[in-house]
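Undergrad: need a 3D model of the following:
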Amino acid sequence: MATAIRLPGLGESISEGEIVSWHKQVGDRVERDDPLCTVSTDKVEAEVPSLEAGTLLAVVAQPGQTIEVGALLCVLGAEGEVVPAELLAVAAPVVVRKPTPVVAAPRVDPVGPRDAASRTQGYRASGDRKLFVSPVVRRLAREHDVDLSAVAGTGLGGRVTRRDLEAFVAQGGGGSGFAAPPGGYAPGLRMPFGGFANRLVAPFHPDTAERYQPHADDGDVVEPLSGLGRAMAEHMAYTWWRAPHVSTLVEVDLDRLTTWRGAHKVAFEREHGAKLSYTACICWAVARALQQHPSFNSSITHDHQRITHGRINLGVAVAKPDGGLVVPVVRQAGTLGLVGFAQALQGMVDTAKAGRISAADLTGGTFTVTNVGSNGNLASMPLINQPQVAILATGAINKRVVVVTDEAGNDTMVIRPMMFLTLSYDHRANDGARSGRFLRTLRKSLEHWSGDLD
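TA: From the prediction side, this is the model:
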């Protein structure tokens, strides 16, 4: 009997996915749990397994098409069976997404002076009574860079009250003084997140984007980014604009860790079933350092509040075989011993490389570690993974000649395995002194590695 196979739920808040490729062809035998196709969403790219066994009779959703959760992917049945027409007739429709053509953005005229008080005076002179505001409201408007003319006032005569302004900021209206909305303001106008100038992605005048639009010549390949690629592009542009990035770099001597790992690697992996990698050891040390420096295990909200997270959920960047990058999260890393952490990390790495990572595996991180040294790079200054406030990059381990001072104060030139660690952090949440103390704790833990597995 023919069975409809539909796109399953791919994670919280994910309503659709783009078909990347099919792993089975019409006529192929499909066993339960065999991967049918790869689907890309704005959070993850993953394989969709079959929940039934049978022969693939028909493929409905084609590569490049975006379909809703619950829409028909394909039909399975007995070999040679004819697909009933009524089965296809009741299928959820395929939603075809076509690349949005690049057009010049509509010109958006700046409001005028960025200072809220100056703007208020200007609107007062034009007779707009709603902008007669109290000094407290004016001060808050300056602090949050709010265009008061965009706030719906509930006070006497439509005046903007403090409660109106605070609610407006809480809904993402901070920074709205950047540009006026196309078509002008209207009473009760809802502020889009990031402001009317699409400040979320491009915090500059819209004409600027058109000015630097790339030109495609004959022979150039133009193709839209995948859903995951678009999400990453927007996320990175947002994090660069949102957080004032500062980076601090230190060099770490890994002689003790290297010696200990060489002596215990084979027995550890045989007994515990997980790789005793440098990444596992360093990330475990990071989790322990975050326990002592919780300001780096935090987030900054849009209304300038700090959330210090009680749990250390460590995101570790993992390269996929196709060249993509995902950041699965090891939850409650601060409570795990080295054995438990290595096992949890191994499970995440294996799942990611097999293309079976889920959206739930990629959410909830409070700090991120990325290993740029896997390709021989010495150091990197990575972008923070918002809404986190810091990210650590580990470089390649290279043997170098260094000077070591013994207990008697004598200097000796020796060869040691050295690594650069780069901490990029949000200067709103932490400063140079705190970053120095955090890196000192981490460096001491690695350079005085004890081999304590608990």
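
Undergrad: adjacent strands (with direction) for the helix or strand hosting residue 56?
TA: Secondary structure from DSSP states H and E places residue 56 in strand 54-59. On the basis of DSSP bridges, the sheet neighbours of strand 54-59 come out as strand 29-30 (antiparallel), strand 72-77 (antiparallel).

Undergrad: out of those, which is the most enclosed?
TA: Each of these was given a mean neighbour count from mean count of other Cβ atoms under 10 Å, and the largest, a mean of 23, is that of strand 72-77. No exception for glycine: its C-beta is placed from N, CA and C like everyone else's.

Undergrad: show me the chain divided up by domain.
TA: 3-95, 116-211, 243-447 (automatic domain parsing).

Undergrad: so what touches the strand holding residue 56?
TA: Residues from elsewhere that reach strand 54-59 (Cβ atoms under 8 Å, 6 or more residues apart in numbering): 2-3, 22, 24-30, 73-81, 83, 88.

Undergrad: what about 6 Å?
TA: 24, 26, 28-30, 74-77, 79, 83 (Cβ atoms under 6 Å, 6 or more residues apart in numbering).

Undergrad: one more: stretch 256-268?
TA: The contact list for stretch 256-268, computed with Cβ under 6 Å, 6+ apart, reads 276, 417, 446, 449, 451.

Undergrad: output it as PDB, nothing but the C-alphas.
TA: As requested, C-alpha coordinates have been extracted for stretch 256-268 and formatted as PDB (Å, rounded to 0.1, in the frame of the first residue of the first chain):
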ATOM      1  CA  ARG A 256      52.400  19.100  30.200                       C
ATOM      2  CA  LEU A 257      49.100  18.500  28.400                       C
ATOM      3  CA  THR A 258      50.900  17.000  25.400                       C
ATOM      4  CA  THR A 259      53.000  14.700  27.600                       C
ATOM      5  CA  TRP A 260      49.900  13.600  29.600                       C
ATOM      6  CA  ARG A 261      47.800  13.000  26.600                       C
ATOM      7  CA  GLY A 262      50.500  11.000  24.900                       C
ATOM      8  CA  ALA A 263      50.700   8.700  27.900                       C
ATOM      9  CA  HIS A 264      46.900   8.200  28.400                       C
ATOM     10  CA  LYS A 265      45.300   8.600  24.900                       C
ATOM     11  CA  VAL A 266      45.100   4.900  23.900                       C
ATOM     12  CA  ALA A 267      43.900   3.600  27.300                       C
ATOM     13  CA  PHE A 268      41.400   6.500  27.600                       C
END
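
Undergrad: which helix runs longest in this protein?
TA: Ranked by residue count under DSSP state H, the longest helix found in the chain is helix 255-272.

Undergrad: gap between it and the chain center?
TA: Relative to its chain's centre, helix 255-272 lies at 33 Å (Cα atoms, centre = their mean, to the nearest Å).
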